[in-house]
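Undergrad: Show me the folded form of this:
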Amino acid sequence: MTVRQTLQLTVAALMQATGDSQHDVAQSLGLTQTQVSRRQAGRTAWALDDCDALALHFGLPVLDLLGGPTRACEALSAERRRDRS
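TA: Numbers count the residues shown, from 1 in each chain. Sure, this is the predicted structure:
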(Lines give C-alpha, C1' and ligand atoms only; values in the text may rest on other atoms or scores of the structure.)
Protein backbone atom coordinates (compact mmCIF):
# COMPACT_ATOMS: atom_id res chain seq x y z
CA MET A 1 0.00 0.00 0.00
CA THR A 2 1.31 3.45 -0.90
CA VAL A 3 1.56 6.42 1.46
CA ARG A 4 -1.15 8.09 -0.61
CA GLN A 5 -3.51 5.14 -0.14
CA THR A 6 -2.67 4.92 3.55
CA LEU A 7 -3.49 8.60 4.05
CA GLN A 8 -6.80 8.24 2.21
CA LEU A 9 -7.77 5.29 4.42
CA THR A 10 -6.58 7.09 7.54
CA VAL A 11 -8.59 10.23 6.82
CA ALA A 12 -11.67 8.11 6.10
CA ALA A 13 -11.22 6.20 9.38
CA LEU A 14 -10.72 9.41 11.34
CA MET A 15 -13.79 10.98 9.80
CA GLN A 16 -15.79 7.89 10.76
CA ALA A 17 -14.37 7.86 14.32
CA THR A 18 -15.01 11.56 14.89
CA GLY A 19 -18.20 12.00 12.91
CA ASP A 20 -16.56 14.76 10.87
CA SER A 21 -17.82 15.25 7.32
CA GLN A 22 -15.80 16.17 4.26
CA HIS A 23 -17.24 19.64 4.69
CA ASP A 24 -15.88 19.82 8.28
CA VAL A 25 -12.42 18.74 7.14
CA ALA A 26 -12.51 21.10 4.16
CA GLN A 27 -13.38 24.11 6.32
CA SER A 28 -10.56 23.34 8.72
CA LEU A 29 -8.03 23.00 5.89
CA GLY A 30 -9.24 25.99 3.88
CA LEU A 31 -10.40 23.75 1.03
CA THR A 32 -13.75 23.08 -0.57
CA GLN A 33 -15.69 19.90 0.07
CA THR A 34 -15.08 19.01 -3.59
CA GLN A 35 -11.32 19.30 -3.11
CA VAL A 36 -11.44 16.98 -0.10
CA SER A 37 -13.64 14.56 -2.06
CA ARG A 38 -11.13 14.48 -4.92
CA ARG A 39 -8.29 13.78 -2.49
CA GLN A 40 -10.24 11.02 -0.79
CA ALA A 41 -11.18 9.47 -4.14
CA GLY A 42 -7.55 9.52 -5.27
CA ARG A 43 -8.14 11.89 -8.17
CA THR A 44 -5.91 14.49 -6.47
CA ALA A 45 -3.09 13.78 -4.05
CA TRP A 46 -3.02 15.10 -0.51
CA ALA A 47 -0.16 17.61 -0.30
CA LEU A 48 2.52 17.43 2.36
CA ASP A 49 1.18 20.65 3.90
CA ASP A 50 -2.24 18.99 4.09
CA CYS A 51 -0.75 16.41 6.47
CA ASP A 52 0.13 19.12 8.98
CA ALA A 53 -3.34 20.63 8.68
CA LEU A 54 -5.08 17.24 8.93
CA ALA A 55 -3.07 16.33 12.02
CA LEU A 56 -3.99 19.65 13.62
CA HIS A 57 -7.65 19.22 12.69
CA PHE A 58 -7.85 15.78 14.30
CA GLY A 59 -5.59 16.73 17.22
CA LEU A 60 -2.88 14.21 16.35
CA PRO A 61 0.87 14.25 15.91
CA VAL A 62 1.70 14.03 12.19
CA LEU A 63 3.51 10.71 12.68
CA ASP A 64 0.35 9.16 14.11
CA LEU A 65 -1.61 10.45 11.12
CA LEU A 66 0.91 8.89 8.75
CA GLY A 67 1.09 5.68 10.78
CA GLY A 68 -2.14 4.41 9.29
CA PRO A 69 -5.80 4.17 10.28
CA THR A 70 -5.38 2.01 13.37
CA ARG A 71 -2.59 4.07 14.87
CA ALA A 72 -4.33 7.36 14.09
CA CYS A 73 -7.66 6.28 15.55
CA GLU A 74 -6.00 4.92 18.67
CA ALA A 75 -4.26 8.28 19.13
CA LEU A 76 -7.52 10.27 19.00
CA SER A 77 -8.43 11.93 22.24
CA ALA A 78 -11.66 10.86 23.92
CA GLU A 79 -13.10 14.32 23.26
CA ARG A 80 -12.65 13.93 19.49
CA ARG A 81 -14.34 10.53 19.28
CA ARG A 82 -17.94 10.32 18.15
CA ASP A 83 -18.59 7.51 20.63
CA ARG A 84 -17.32 8.95 23.88
CA SER A 85 -18.31 6.00 26.04
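
Undergrad: C-alpha only now, for contacts and for neighbours.
TA: Noted.

Undergrad: what about the helices in the protein?
TA: Taking DSSP state H as the test, the helices found in the chain are 3-18, 22-29, 33-41, 48-58, 62-66, 69-75.

Undergrad: how about these in TSV, adding distance to Asp83, mean neighbour count and mean pLDDT?
TA: Shown next, in TSV, are the helices of the chain (distance: least, CA to CA, whole Å; neighbours: other CA atoms under 10 Å; pLDDT from 0 to 100):
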stretch	distance to Asp83	mean neighbour count	mean pLDDT
helix 3-18	8	18	96
helix 22-29	18	17	97
helix 33-41	23	16	97
helix 48-58	15	16	96
helix 62-66	20	18	97
helix 69-75	12	17	98
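
Undergrad: Just tell me which of those ends up closest to Arg82.
TA: Closest approach to Arg82 among the helices of the chain is made by helix 3-18 (4.6 Å; CA to CA).

Undergrad: to the chain's geometric centre, what's the distance from that closest one?
TA: 5 Å (CA atoms, centre = their mean, to the nearest Å).

Undergrad: Mind giving me the packing neighbours of that helix?
TA: Counting contacts by 3 or more CA pairs under 8 Å, 6 or more residues apart in numbering; DSSP states H and E, helix 3-18 packs against helix 33-41, helix 62-66, helix 69-75.

Undergrad: which ones are touching Gln35?
TA: With contacts defined as CA atoms under 8 Å, 6 or more residues apart in numbering, Gln35 is in contact with 26, 44.

Undergrad: Could you measure from it over to Ala55?
TA: 17 Å (CA to CA, to the nearest Å).
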